[in-house]
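> sequence first, then the predicted structure:
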Amino acid sequence: MKQTSLDLEPSALDDSGELLALLDAWVACGWLRELDRALAALLAELEEDASPLLLLAAALASHQLGHGHVCLDLHATLADPDFALSLPPEGEPGGALLPSRQLARLTAGAWRAALAASRLVAVSGERHDTPLVLDGHSLYLRRYWTYEQRVAAAIGERLASARQIPQDLPQRLQRLFPQGPGTPRSDWQKLACALATRSSFSVITGGPGTGKTTTVVRLLALLQGAAQEAGRPLRIALAAPTGKAAARLTESIGAQVAGLDIDESVRQAIPSEVTTLHRLLGSLPGSRHFRHHAGNPLALDVLVVDEASMIDLEMMDNLLAALPTQARLVLLGDKDQLASVEAGALLGDLCRDAEPGHYDPATRAWLEAQSGQPLDADELLPGTAWQYPLEQHTVMLRHSRRFGAHSGIGQLARAVNRRDADQALATLREPHDDLYRLNLRSAQDPALEHLLLDGHGQAGGYTHYLQRLHETRPAPTLAADDPAWARWAGGVLQAFDGFRLLCAIRRGDWGVAGLNLRIAQALGRRGLIDASTPWYEGRPVLMTHNDYSLGLMNGDIGIALCLPEPDQQPGQPPRQVLRVAFPRNDGSAGLRYILPSRLSAVETVFAMTVHKSQGSEFEHTALLLPERLNPVLTKELIYTAITRARSHFSLIEQRESVFDQATRRAVERRSGLLRTLRERNPAPETP
Ligand SMILES: Nc1ncnc2c1ncn2[C@@H]1O[C@H](COP(=O)(O)OP(=O)(O)OP(=O)(O)O)[C@@H](O)[C@H]1O
C-alpha cells in the first residue's frame with residue numbers, strides 16, 4: 001500500500017515491497033534475523049494491504065526479542081534508532097541502510113496510527129486473535145505480551161497473600177543477625193530477612209559480596225526453625241538459571257549453612273544443593289514445555305532463585321505457573337548486571353526502584369519495629385504501598401563485604417554503576433593492587449599477548465592452567481578409574497577459572513572469534529598446546545546450546561584432556577584418548593567426560609563475551625574494549641565484566657574514550673512489566 005509522501009521516489013516506509021527489500025538488505029548484512037523478516041512477510045500475506053509501517057514494526061519487534069527487549073518501544077526507537085535497535089550490532093559503518101537514516105521521516109504518531117489501524121494488531125489486548133498487541137507506545141508479539149500480563153498477575157497475587165509471621169520475629173532476627181562491631185546502623189541484611197517473611201514474593205538485590213547468600217541462608221534458618229517448632233517442616237528448594245551459577249551457589253550455601261549457630265535439626269533441613277531452573281521444572285527435550293506446570297505443580301513451600309538477573313520472561317512465567325501461590329518465592333540477584341540474553345530483564349524491571357525503596361510509612365514502621373533498627377540510607381525516598389506495591393517486598397543490600405571502601409575493583413564497579421565516568425577513570429589512574437590498565441598502541445601490540453598469556457604481577461594469564469595440566473598429569477600407567485585422573489581434571493578446570501578474557505563483541509580484531517584464534521596460536525608457539533589440529537589437549541570449549549541427551553547446558557565449559565580409555569584390554573597399558581572434561585554442575589563437584597565427536601555445539605573459549613560470563617567469577621578478569629563505540633557497550637556491560645573479577649581486574653583498550661562513553665550509557669530494556677504490575681494494584685478506597 002502506498003502512503004502519502006512528499007518524496008517522488010517511493011521509500012521503504014511508503015511501499016510494502018520496498019520495505020521487505022530493506023529488511024532483506026538488513027538480513028544480508030547480518031543485522032536482522034531471517035525469522036524477523038519472515039514474520040513481516042507472513043503478515044504481508046495475512047493482510048493484503050498491510051502498511052509498510054506495520055511490517056517494519058513487526059520485524060523490529062521480533063528483532064528486539066533477540067536483543068532481550070520484550071517489545072518495540074516506538075518512542076525510544078525513534079529517539080535514537082541505531083542505539084535502540086542495536087543496528088548495526090557491532091558498530092560497523094552502515095551508511096544509507098542505518099535505521100537512523102531509514103526512519104528519519106517517521107513520527108511516533110504516524111507509526112502508532114498505522115499500527116492501531118491494522119486488523120493484525122489489538123490495542124491494549126482488547127482482542128484475543130491478533131498476532132500483535134499495541135500497549136501504549138509499545139508493540140508486542142502476542143506471546144510476549146501474554147507472558148508479561150501473566151507474570152504481572154501472578155506476582156500481584158503473591159504480593160497480596162500475607163503470610164503468618166512468627167510472633168517472636170524480633171527475637172529470632174536478633175539471634176540470626178547479632179549486632180557486631182562491623183554491623184552498620186541499618187543492617188540491610190536483617191531488614192531484608194524481615195521483609196521476606198511477610199509475603200509469598202520477595203526480592204533481595206545487591207552487588208557482589210553484599211550478603212545475598214548470607215541473608216537467604218539465615219532467612220531459611222528462621223523459616224525452617226519456626227516451621228519445625230509448629231510441627232510442619234518446610235519443603236525448600238534452591239535454584240539458579242545456569243549450571244555454573246548453581247555450582248557456585250552450592251559451594252557458598254554449603255559453607256554458610258555449616259557456619260550457622262542453629263539447631264542441628266534445622267541445619268539438616270536446609271538444603272545445600274542448588275539445582276538449575278530447567279532441572280527443577282523438568283525440561284522436556286525438544287520442547288518449550290516443562291514437566292511441572294499449573295496442572296502439576298512443584299511440591300514446595302519455599303523456593304529461592306539466585307542469579308535472578310539471568311531469568312527471562314518466559315522462564316519466569318513457567319516458574320510462577322509451576323509454583324503454588326502459597327509457596328514463597330525469593331529472588332536474589334544483582335539488578336545492575338546485564339540481563340538475560342533472552343527477552344525480558346526481569347530482575348532489572350522488578351528492582352527499578354529498589355534503591356530509593358519507596359517504603360510506605362506502614363512498611364517502614366513494621367520493619368523498624370521487627371528489626372529494632374532504623375531504615376537509614378541517603379538514597380531512600382518515601383512512597384505508598386498502592387503506588388509501589390512491589391517495592392514493599394524488595395530490599396537492596398548496600399554494603400559490600402567483598403569489595404570494601406579501599407578495593408580498587410569495588411570503587412571502579414561503584415563508579416561505573418553510577419555512570420560516573422570521571423570517577424571511574426580517576427580510579428583506574430590511581431595505584432591499586434587489584435586494578436591494571438593496558439593501553440594498546442595497535443591491535444597487534446605484543447603487550448596484549450603478554451598480558452593474556454602471562455598476566456600481570458600477581459594476576460595470572462592463560463599459561464597458568466596449561467602449566468598445571470602438564471606439570472600435574474598423573475602417570476600414564478594409572479588405570480582409568482584411578483581417582484588421580486578426576487583430581488587432575490578438576491584441578492585443570494579450576495585453574496582455568498584463574499583467568500578469563502572478556503570481549504564486548506564477537507567479530508573482528510577485538511571480538512571473541514579473532515582473539516580465540518590469536519591466543520591459541522600464541523600458546524601453540526610456546527609449545528603449551530598443539531594448535532595445528534581442531535581438537536587439541538587443553539582446548540577449552542563452551543557449550544553454545546543445551547544438549548539434553550548429554551546433560552550439558554548452554555554456557556557449560558569443559559577442557560579437552562588426554563585420559564585413559566575406560567575399556568582397557570587386560571594386561572595392556574591404558575590407551576589415552578582425548579575427552580572433554582565438564583564439571584557436573586549439580587553441586588557434587590563431580591566431572592563428566594565426553595568424546596569430542598559427540599559435541600556438536602561448542603566453541604573455543606579462551607575469550608568469551610561478557611554476556612556469556614554472567615554467573616561466573618574468575619580470579620583475574622580482563623575486559624578488552626573495541627576501538628569504536630557500538631550499541632552493546634553500556635555501563636551494564638562494563639559493570640558486569642568488572643564484577644566477574646574476584647581478585648584482579650585488567651582493562652585493555654586502544655582508545656580511552658570508548659570506556660568513557662560506554663560508562664555514561666545505560667541499557668534501557670523495553671518492557672511494561674512494572675507498569676502492568678502497578679496498574680493492577682487497586683487504589684485505596686477514599687473515605
Ligand atoms: N553479616 C555478615 N557477617 C559476617 N560476614 C558476612 C556477613 N554478610 C556477608 N559476610 C561475608 O561476606 C562475604 C560475601 O557474602 P555473600 O556470599 O553472602 O554475598 P553475596 O551477595 O551472596 O555474594 P555474591 O555476589 O558472590 O553472590 C562472605 O564471605 C560472607 O561470609
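Everything's here; your move.

> leaving out the residues flanking it, which one is nearest to the closest residue to the ligand within the stretch 551-687 of the chain?
Proximity to the ligand, evaluated over the stretch 551-687 of the chain using Cβ to the nearest ligand atom, is greatest for residue 617 at 7.0 Å. Glycine gets a C-beta too; all of them are placed from N, C-alpha and C. Leaving aside its sequence neighbours, residue 617 sits nearest to residue 646 (Cβ to Cβ, 6 or more residues apart in numbering; 5.1 Å).

> confirm the one you found sits in a strand?
Yes: under DSSP: H, G, I helix; E, B strand; the rest coil, residue 646 sits within a strand.

> if I look at it, how far off is residue 109?
51 Å (Cβ to Cβ, to the nearest Å).

> in terms of packing, which of the two has more residues around it?
For residue 646 versus residue 109, the count of surrounding residues by other Cβ atoms under 10 Å is larger for residue 646: 19 against 10.

> for that one, give its distance to residue 502.
14 Å.

> overlap in contacts, the two.
residue 621 (Cβ atoms under 8 Å, 6 or more residues apart in numbering).

> quick check: the nearest residue to residue 307 once chain neighbours are set aside vs residue 318, distance?
Nearest residue to residue 307, sequence neighbours excluded (Cβ to Cβ, 6+ apart): residue 245, at 4.1 Å. The spacing between residue 245 and residue 318, counted by Cβ to Cβ, is 18 Å.

> also residue 454?
46 Å.

> cool, residue 479 as well?
44 Å.

> surely residue 233 meets residue 225?
No: look at residue 233 against residue 225 with Cβ atoms under 8 Å: they stay out of range, at 10.0 Å.

> quick one: contacts of the helix or strand where residue 227 lies?
Element membership for residue 227 (DSSP states H and E) is helix 212-229. Residues from elsewhere that reach helix 212-229, judged by Cβ under 8 Å, 6+ apart: 166, 172-173, 176-177, 189, 192-193, 196-197, 204-206, 233-234, 236, 249, 252-253, 256-257, 260, 262-263, 265-267, 269-270, 301-302, 304, 306, 328, 330, 332-333, 397.

> residue 233 and residue 225 - which one has more neighbours?
For the pair residue 233 and residue 225, the greater number of neighbours falls to residue 225 (22 against 14), based on other Cβ under 10 Å.

> which non-adjacent residue is nearest residue 591?
In this structure, residue 591 finds its nearest non-sequential neighbour in residue 581, 5.1 Å apart by Cβ to Cβ, 6+ apart.

> just the strands in the stretch 301-450 of the chain please.
302-305, 328-333, 357-359, 381-382, 394-397, 435-439 (DSSP state E, counting those that start in this stretch).

> okay if I get the ones you listed as a markdown table plus distance to the ligand?
Supplementary listing: the strands of the stretch 301-450 of the chain in a markdown table, determined by distance: least, Cβ to the nearest ligand atom, whole Å:
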| stretch | distance to the ligand |
| --- | --- |
| strand 302-305 | 11 |
| strand 328-333 | 7 |
| strand 357-359 | 18 |
| strand 381-382 | 24 |
| strand 394-397 | 7 |
| strand 435-439 | 19 |
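
> so which bits of this structure are right by the ligand?
Contacts of the chain with the ligand, taken as Cβ under 6 Å from any ligand atom, map to 189, 206, 208-214, 252, 401-402.

> most proximal residue of the stretch 51-200 of the chain with respect to the ligand?
Counting by Cβ to the nearest ligand atom, the stretch 51-200 of the chain gets nearest the ligand through residue 189, at 5.4 Å.
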